[in-house]
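K.L.:
sequence and predicted model, in that order:
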Amino acid sequence: MNKTSLTAQIMQEKKEGGWTFVNWPDSVNYLGTGKASKIVANILGHEFKITSLPVGDGTHFLLLNKALLKTIGKTVGDTITIDITKPE
């Protein structure tokens, strides 16, 4: 399996109820596309299926919902490392 990792700060859109996410600057090199792509993310030993969403500038971002953040015990402003695998 082809794996990579990403260390990034958890961010949130400034608007009320805005998305919580991490930016993935080198995503296109790994995914081979600028389109939305499904990945398997392992964060602190917890595995999640996430869709990487294109930003439009050749990068992607990964949405981190409230349940995921609660499971990993992290919040906006924290830095996390995500081990990423393309599903087969």
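P.N.:
Perfect, thanks for sending it. Numbering: from 1, shown residues only.
K.L.:
make it CA atoms for all contacts and neighbour counts henceforth
P.N.:
Noted.
K.L.:
what's the top strand by length along the chain in contact with?
P.N.:
Using DSSP state E, we find that the single longest strand of the chain is strand 46-54. The contact list for strand 46-54 (C-alpha atoms under 8 Å, 6 or more residues apart in numbering) reads 34-42, 60-63, 71-72.
K.L.:
taking the residues you listed, please make a PyMOL selection of just the buried ones.
P.N.:
Remark: buried members of the contacts of strand 46-54, expressed as a PyMOL selection using 16 or more other C-alpha atoms under 10 Å:
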select buried, resi 34+35+37+39+40+41+42+60+61+62+63
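K.L.:
picking up where we left off before, ok, the very next helix or strand once past the longest strand of the chain: who's next to it in the sheet?
P.N.:
Per DSSP states H and E, the first helix or strand lying C-terminal to strand 46-54 is strand 60-63. Sheet pairing of strand 60-63 (DSSP bridges) gives strand 20-24 (antiparallel), strand 46-54 (antiparallel).
K.L.:
so the residue lying closest to Pro54 once chain neighbours are set aside bridges to which residues?
P.N.:
Leaving aside its sequence neighbours, Pro54 sits nearest to His60 (C-alpha to C-alpha, 6 or more residues apart in numbering; 4.2 Å). For His60, the beta-bridge partners are Trp24, Pro54 (DSSP bridges).
K.L.:
circling back: give me the subset of the contacts of strand 46-54 that lies in helices.
P.N.:
If you go by DSSP state H, the contacts of strand 46-54 have Thr71, Ile72 in helices.
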